[in-house]
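Trainee: Prediction below, plus the sequence it came from.
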Amino acid sequence: QVQLVESGGGLVQPGGPLRLSCAASGFTFSMYAMSWYRQYPGKERERVAGIDSTGRITNSANSVKGRFTIRRDNANNTLYLQMNSLKPEDTAVYYCARKGFYSSRDADYWGQGTKVTVSS
């Protein structure tokens, strides 16, 4: 079955970097767009970044442009989110999703989430 397992979350100081990973299994990873979302307590999930199946086309939310980079390794079925210049407002639970390039309504599978806390 489809499985998405995020890792790499944790506590980081403001201005610091963190890299999230999402290990995918149970489907042909290279055939699907993938995306990262985040969720604040009591709020709906918001799109952070998306990447097409080839890795050549990406998009990202205005709030993370220039700081976060999404990429994928199709040979190893892994999705990444490199987060730089982290801010306290980036504190959230981060989820990877299959599809969902433009909207969470398009995502059909989700990981369990990994918590990122940005604090001094």
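Mentor: Sure thing, it's come through. Numbering: from 1, shown residues only.

Trainee: Who is the residue nearest to the spatial centre of the chain paired with across the strands?
Mentor: In the chain, the residue lying closest to the centroid (CA atoms, centre = their mean) is W36, at 2.6 Å. For W36, the beta-bridge partners are A49, C96 (DSSP bridges).

Trainee: same question, C22
Mentor: Taking DSSP bridges, one obtains E6, L79 as the residues bridged to C22.

Trainee: so how far is G16 from it?
Mentor: Look at C22 and G16: by CB to CB, to the nearest Å, they are 20 Å apart. Just so you know, the C-beta spots here come from the backbone N, C-alpha and C atoms, and that holds for glycine as well.

Trainee: what about these two, which has more around it?
Mentor: Per other CB atoms under 10 Å, whichever of C22 and G16 has more neighbours is C22, with 25 against 13.

Trainee: In contact with the more buried one, which residues?
Mentor: If a contact means CB atoms under 8 Å, 6 or more residues apart in numbering, then C22 has L4, V5, E6, S7, M34, W36, T78, L79, Y80, L81, C96, G111 as its contacts.

Trainee: Report the two of those residues separated the most.
Mentor: Maximum pairwise distance in those, criterion CB to CB, is 15.1 Å, between S7 and M34.

Trainee: which of those two has more neighbours?
Mentor: Ranked by neighbour count (other CB under 10 Å), S7 and M34 place M34 first, with 26 against 13.

Trainee: Surely that one touches G50?
Mentor: Yes - using CB atoms under 8 Å, M34 makes contact with G50 at a distance of 7.2 Å.

Trainee: Please report phi then psi for T28.
Mentor: With angles defined as degrees, to the nearest 10, T28 sits at phi -80, psi 90.
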